[in-house]
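*Asks:* no sequence on hand, only this structure:
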Ligand SMILES: N[C@@H](CCC[C@H](N)C(=O)O)C(=O)O
């Protein structure tokens, strides 16, 4: 089966985007994994599926699948690429778009400088608001933040847990280049503390308005940037008193601006601003069996 796709990237986080506004989406998890595979398929951290809105107060619906074939709740860099995609492909002439995701409505807006600014909704921190956390886990509070002690990669780590619709654990490190991302990341992603797994952020504050960040993404491994990871890391840092209300997050693939006005205690949405670009278009022949689970096709 041949399908048309658009390859996009936002700060180096890359996507295969499928326009399903006129046809139904019907790929299974093995076929999605084929699309995401960098050797056998097209290659992408996530696959984004653009669909018609199912509610009158929104313009589109979009679905997000990780490279491992699993459908997930939210994707910040994907939201910017989605907005650029629907505008550039003439699917809308609106520069402000309301989009349904699995975890509520988000609002991307195309800026005059070519970047996209997205209202990513409210961050959540309280244990009862973290559905990804194993029930009955004890925690320690410190200041205004709730820090959780976890063991991963053979060491004890203190993490902030944040839901941006999807799950994040953020730890502060001295130097992201030295951080044990590929040991701690997968260990924490698959810890029994997180039955639905978790994205793991390694945050190095540089000043009150800038930081470096690496993210081990659930279902994709380390990526060049993670938009929701940047939001989670910035708000975790703000709650710990490390940052003011706007932070430039430097990821390995680009820079993202995170804004969050939390000072008066009112629940406020997080805004994410950054680049989004179409890289190329193509047609791909998807094998009926897709890409079987790892090891399944070995002789
Ligand atoms: N790259 C994304 C996040 C994609 C989903 C994530 N891996 C998850 O499983 O929650 C972003 O830019 O936010």
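*Replies:* All right, it came through fine. Treat the numbers as computed from the prediction; the structure is a model and nothing was measured.

*Asks:* so residue 163 bridges to which residues?
*Replies:* Beta-bridge partners of residue 163, counted by DSSP bridges, are residue 124, residue 167.

*Asks:* would you agree it is in contact with residue 124?
*Replies:* Yes - using Cβ atoms under 8 Å, residue 163 is in contact with residue 124, at 4.1 Å. In this view, the C-beta of every residue, glycine as well, is placed from N, C-alpha and C.

*Asks:* which of these two has more residues huddled nearby?
*Replies:* Shown here are residue 163 and residue 124; by other Cβ atoms under 10 Å, residue 163 has more neighbours (23 against 18).

*Asks:* contacts only, for that one.
*Replies:* 123-125, 129-132 (Cβ atoms under 8 Å, 6 or more residues apart in numbering).

*Asks:* if we use 10 Å, what do you get?
*Replies:* Contacts for residue 163 (Cβ atoms under 10 Å, 6 or more residues apart in numbering) come out as 73-74, 103, 121-126, 129-133, 228, 232.

*Asks:* could you do residue 23 as well?
*Replies:* If you count contacts by Cβ under 10 Å, 6+ apart, then residue 23 has 3, 51 around it.

*Asks:* likewise residue 104?
*Replies:* Residue 104 sits next to 73-74, 120-122, 165 when contact means Cβ under 10 Å, 6+ apart.

*Asks:* following element in sequence after the helix or strand of the chain with the lowest mean pLDDT, please.
*Replies:* The helix or strand of the chain with the poorest confidence is strand 140-142; it has a mean of 65 (mean pLDDT, DSSP states H and E). Following strand 140-142 in sequence order, the next helix or strand is strand 145-152 (DSSP states H and E).

*Asks:* give the pairing partners of that next one; include direction for each.
*Replies:* Partners of strand 145-152 in its sheet, by DSSP bridges: strand 140-142 (antiparallel), strand 155-163 (antiparallel).

*Asks:* give the closest residue to the residue nearest in space to the middle of the chain in space, chain neighbours not counted.
*Replies:* Per Cα atoms, centre = their mean, the C-alpha nearest to the average position across the chain is that of residue 75, at 3.5 Å. Leaving aside its chain neighbours, residue 75 sits nearest to residue 64 (4.5 Å; criterion: Cβ to Cβ, 6 or more residues apart in numbering).

*Asks:* what of residue 196?
*Replies:* residue 132 (4.6 Å).

*Asks:* am I right that the one you found sits in a strand?
*Replies:* No - counting by DSSP: H, G, I helix; E, B strand; the rest coil, one finds residue 132 to be coil, located in no strand.

*Asks:* pretty sure it is touching residue 188, no?
*Replies:* No - counting by Cβ atoms under 10 Å, residue 188 is not a contact partner of residue 132; they are 12.0 Å apart.
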